[in-house]
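Novice: Structure here, sequence nowhere to be found:
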């Protein structure tokens, strides 16, 4: 479980308006959550607290009951992060080496590392592509490698920050299928987005932020009507045309 307790985060001085303002949130294991909001709503800032990439100015973050600040390794093992621009997270030139990087830093045996890499690449439909150069992949393929790198850490939760940015329709569909597979396998997913059209049907719950605070926290059917006024795109209802 990921839990935030009255988390506050400011960029700059203590007088600056908080980017995240007193957010308390619990995300259960295996839950698929869409964390939505317009640009500047605080959603990316919030999730960077989940594994200690940011520290709160006030409040506390826990992963499986342990404060993140007390055990960063456990938090970063339990919560995998995929950034908005996949290249920001790549550390190696080839697919296999990049996916292996995280497990290697856990000090795992070579046999276990190789197993995790094989399983993670298979999970994103990239089995057998270990030796391919990342800089020669398409945008959708890079996104899938980034997901594989996070999956190889065997996290309880996978957090993806705007994973559809810059992807064409086939690439988006491919990423959605990987997320669907992860959900079915029991991995918890937190998908950060301002546009819910691709993943709305996967969600167990939608949490929407506005001005750094939670504005909506509800099942998709209950949240749908309240989201457009927050600058969040939702898919049209069946039988209705999108505006």
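Specialist: Okay, I see it. For clarity, every value in this text was computed on a predicted model and none was experimentally measured.

Novice: How many neighbouring residues does residue 98 have?
Specialist: The burial count assigned to residue 98 is 23, neighbours taken as other CB atoms under 10 Å. Every C-beta, even on glycine, is put in place using the N, C-alpha and C of the backbone.

Novice: for residue 28, same thing?
Specialist: Using other CB under 10 Å, residue 28 has 14 neighbouring residues.

Novice: Count the neighbours of the nearest residue to it once chain neighbours are set aside for me.
Specialist: Taking CB to CB, 6 or more residues apart in numbering, and ignoring the residues beside it in sequence, residue 28 has residue 1 as its nearest neighbour in space, at 5.7 Å. The local packing count at residue 1 equals 15, with neighbours defined by other CB under 10 Å.

Novice: Does residue 1 touch residue 64 like I think?
Specialist: Yes: using CB atoms under 8 Å, residue 1 makes contact with residue 64 at a distance of 6.1 Å.

Novice: quick one: contacts for the residue nearest to residue 28?
Specialist: 26-29, 62-65 (CB atoms under 8 Å, 6 or more residues apart in numbering).

Novice: got TSV for those residues, with distance to residue 129, secondary structure and pLDDT too?
Specialist: Conversion of those to TSV gives the following (distance: CB to CB, whole Å; DSSP: H, G, I helix; E, B strand; the rest coil; pLDDT from 0 to 100):
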residue	distance to residue 129	secondary structure	pLDDT
26	37	strand	96
27	32	strand	96
28	34	coil	95
29	30	coil	93
62	37	strand	96
63	31	strand	95
64	33	coil	93
65	38	coil	93
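
Novice: Name only those of those that count as buried.
Specialist: With neighbours counted by 16 or more other CB atoms under 10 Å, these contain buried members at 27, 62-63.

Novice: where does the protein dip in pLDDT?
Specialist: Applying pLDDT under 70 to the predicted model, the residue ranges of the chain that meet it are 85-89, 238-243.

Novice: Sounds good, over and out.
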